[in-house]
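J.: could you look at this predicted model? Sequence included:
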Amino acid sequence: MPGEVSTICRLLNDGIDSIHIRKPDWNETQCRELIEAIPEQYRCQLVLHQYFELCEEYHLKGIHLNKRHSYPPVDHKGTISCSCHSLEEVIAQKPKMDYVFLSPIFDSISKRGYCSAFPISILKQAQSEGIIDAKVIALGGVTYDKLPLLQKLSFGGGAMLGEIWNR
């Protein structure tokens with residue numbers, strides 16, 4: 001994306017906690033070039049979805065497990081996260097992770113037809129049972145105006161894609 005590196009730097013400079021680098025069609029060289037284009041001061045806030053060996057090499061924040069890359073390297077020292085699409089997955093994965101994404105919380109902005117899977121009543125119940133807590137990050141349709149609701153529901157934060165890139 002044109003201006004991607006400057007946008008990443010601006011977001012991190014403006015207080016975004018982390019940027020997940022998810023480039024499923026990229027090779028290792030392309031990922032390496034993106035990381036190297038980002039000033040060192042910001043690299044500790046980057047999380048990779050592939051080419052996990054680059055995490056240690058560039059002193060990045062961590063890795064995000066997925067179906068294609070479902071296990072961390074044996075010597076991994078950074079954070080480990082994964083995505084969950086049900087509360088049962090959150091219960092199973094949360095103890096093994098530094099944090100998990102739960103989605104879709106709201107109707108997606110970037111994926112047409114990808115609708116919320118969790119009525120507010122279910123989220124409140126999950127909150128009362130301790131399933132949703134600081135280690136669970138809301139994903140899917142998250143916008144700035146929805147952050148207070150996510151905080152009330154005890155989410156650890158909100159991950160944004162469409163909201164950020166549409167601005």
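T.: Thanks, I have it. Numbering: from 1, shown residues only.
J.: what lines up beside the strand ranked longest in the chain in the sheet?
T.: Ordering each strand of the chain by length in residues (DSSP state E) puts strand 79-84 first. Its sheet considered, strand 79-84 pairs with strand 62-65 (parallel), strand 99-102 (parallel) by DSSP bridges.
J.: JSON lines for those strands, including mean pLDDT and distance to Leu11?
T.: Glycine gets a C-beta too; all of them are placed from N, C-alpha and C. Listed next are these as JSON lines, based on pLDDT from 0 to 100; distance: least, CB to CB, whole Å:
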{"stretch": "strand 62-65", "mean pLDDT": "98", "distance to Leu11": "17"}
{"stretch": "strand 99-102", "mean pLDDT": "98", "distance to Leu11": "18"}
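J.: ok, which of these comes nearest Tyr144?
T.: With CB to CB as the criterion, Tyr144 lies closest to strand 99-102 of the strands paired with strand 79-84, at 17.9 Å.
J.: run through who's touching that closest one.
T.: By CB atoms under 8 Å, 6 or more residues apart in numbering, the surrounding residues in contact with strand 99-102 are 79, 81-85, 87, 89-90, 93-94, 118, 132, 135-139, 155-156, 159.
J.: what segments of the chain are helices?
T.: Assigned by DSSP state H, the helices in the chain fall at 4-13, 28-37, 40-43, 53-57, 87-93, 120-128, 147-152, 162-166.
J.: what is the first one packed up against?
T.: Meaning helix 4-13. Contact analysis of helix 4-13 by 3 or more CB pairs under 8 Å, 6 or more residues apart in numbering; DSSP states H and E lists strand 19-21, helix 28-37, helix 40-43 as its packing neighbours.
J.: does anything pack onto the shortest one? Which helices or strands?
T.: Right, strand 19-21. helix 4-13, helix 28-37, strand 46-48.
J.: could you list the domains of the protein?
T.: 1-77, 81-167 (automatic domain parsing).
J.: export the ones you listed to JSON lines and append columns for mean neighbour count.
T.: Output for those, formatted as JSON lines (neighbours: other CB atoms under 10 Å):
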{"stretch": "domain 1-77", "mean neighbour count": "15"}
{"stretch": "domain 81-167", "mean neighbour count": "17"}
